[in-house]
Structures are given as structure tokens and as C-alpha cells.
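Participant: this one's structure only:
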């Protein structure tokens, strides 16, 4: 049975992870182990990773563990793993998110799950955070499917969702650093994160204390969910440490 993952209704903070980021025989991440720990999976939909077989297996695994599933659409850039920016029009943003999310919903239906949310991947995530026109296109897809949008608080993600009546779920990241203005510093390759440091960041944030940017700037990060990336080398240890804090 799928978990009830309505963030904010009970004040519960959810643990989410980006998953299904493999192609053919090549698999990345620690999806099977993480499914036992997380509440929500953001599943790649084919553009940066996640071919049909990978999507099917990932959704099946989520169904077995009662994990809710959202789409994790990325830029059409397998070589760059969706972490290189592209110049896109709002119409193109709408089309690539709609196309990928639609593909995922077919597998969700096969396994008796409903689409839980939309959360963009990598460079697309950052592009939408800084461009209201592009974000309006993305939020329109969330409206079409009637689901929340996961994103970065205090950016166009939140502002546009509020203006368009889309439920917004802000995230806290523990395996990526923040810049001085609260922007995420996206890395091309994942690196290990100290599980104790991840747990401390969540504990401090839950207590209303600031998160430190790389230059020491104190940031107030609003969040209703915490993200741990599956493809980091020690993501299971990091997720376990965060789960202990969240309960």
C-alpha cells in the first residue's frame, strides 16, 4: 500500500530521493536499499536517465515498499546527465516535462500507484528556479496532473506555484552545498557526504537554526521534505542518518 505522503498536513517532514537513474545494463544509485528508508521517490523519466525497463523496475520496487512516486524530468542530455544547462522556450519546457511525466504515469498505473508530484532534475531544476516564464510552463504541467511541485523555497519555484495555485513542497538538501544567496551548487559528479554532517544540518534546520552556505553565510531554508541523492557513493548511510533525525 502506498504511504500517505501529504507533506505539511501533520507537520511531518518527508525524506525523498532521486531514483531510477540507469540506462540498459548500466545502473546508478542505491535504489533498492534506499527504498526501505525513504518516503518518496523521484523517478527519472528517460531524458537524462531511466529507460522504460528501468522506470518499470523502479516503480515496481516503490510499490513493494509503499513509497510514493513523483516524476523527475530532466533535460534531453544523457551524456551530461541532465546537469548542463540548455536554452529552452517555455513551450519546450512544458513539452519535455509533460512527455516524461506522461510516460511515467503509464508505469504507475500498471503497478497501482498514482502520480504523487513533479520534481525537475539537475540543470532544469536550477533553470526553473531562476526564470518565472519557464517555471510557469512547468507549474502548468503540475496543474494538469493535479499534483504538487517539489522545489527550492524562496525562488521562482515557490513564487510561481503560489501565484498559479499549485501546492509547493520546499526541499532541504544535505548532500549538496548552498551558495551565499541560497542557490544550490550542482555538481557534475556526486561525492560522499558525511552522514553526521547531514544529520546535523537537518537537526539545526528543524530547530529553526540557519544552514551555512559555502562562504559561511547563514541561510534560512524553508522545507517540508529532505532530499538525499541515490547516486552518491554513501547515500544509504546519509539517508539512514537523516531518517534517524526525522523519525
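Facilitator: Arrived safely, thanks for sending. All values derive from a computational prediction rather than experimental measurement. Numbering: from 1, shown residues only.

Participant: Just give the closest residue to the residue minimising distance to the centre of the chain, not the sequence neighbours.
Facilitator: The residue lying closest to the centre of the chain (C-alpha atoms, centre = their mean) is residue 119, at 4.9 Å. Nearest residue to residue 119, sequence neighbours excluded (C-beta to C-beta, 6 or more residues apart in numbering): residue 150, at 3.7 Å. For the C-beta atoms, the positions are set from N, CA and C on the backbone; glycine is no exception.

Participant: thought the one you found was touching residue 116?
Facilitator: No - with contact defined as C-beta atoms under 8 Å, residue 150 does not reach residue 116; the gap is 9.3 Å.

Participant: Name the residues contacting each of these two.
Facilitator: By the contact definition C-beta atoms under 8 Å, 6 or more residues apart in numbering, residue 150 and residue 116 are jointly contacted by residue 70.

Participant: what does the average pLDDT come to for the biggest helix by length in the chain?
Facilitator: Longest helix of the chain, by residue count under DSSP state H: helix 90-110. Averaging pLDDT along helix 90-110 yields 98.

Participant: Now do it: everything it contacts.
Facilitator: The contact list for helix 90-110 (C-beta under 8 Å, 6+ apart) reads 43, 45-47, 52, 55-56, 59, 69, 71, 73-76, 88, 114-115, 118, 120, 124, 127-128, 133-134, 136-138, 140-141, 144-145.

Participant: Next one: residue 150 from residue 227, what distance?
Facilitator: 8 Å (C-beta to C-beta, to the nearest Å).

Participant: What of residue 18?
Facilitator: The gap separating residue 18 from residue 227 is 7 Å, by C-beta to C-beta.

Participant: same check, this time on residue 101
Facilitator: Taking C-beta to C-beta, one finds residue 101 at 19 Å from residue 227.

Participant: picking up where we left off before, how far out from the middle of the chain is the longest helix of the chain?
Facilitator: Between the centre of helix 90-110 and the centre of its host chain there is 15 Å, according to C-alpha atoms, centre = their mean, to the nearest Å.

Participant: How far away from the center of its chain is the helix or strand that it is followed by?
Facilitator: Beyond helix 90-110 on the C-terminal side, the first helix or strand identified by DSSP states H and E is strand 115-118. Relative to its parent chain, strand 115-118 has a centroid offset of 10 Å by C-alpha atoms, centre = their mean.

Participant: again, but for stretch 209-218
Facilitator: Offset of stretch 209-218 from its chain centre (C-alpha atoms, centre = their mean): 22 Å.

Participant: was I right about residue 83 contacting residue 188?
Facilitator: Yes - between residue 83 and residue 188 there is a contact at 5.4 Å, judged by C-beta under 8 Å.

Participant: Neighbour count for the two, which is higher?
Facilitator: Just comparing residue 83 and residue 188: by other C-beta atoms under 10 Å the higher neighbour count belongs to residue 83, 19 against 9.
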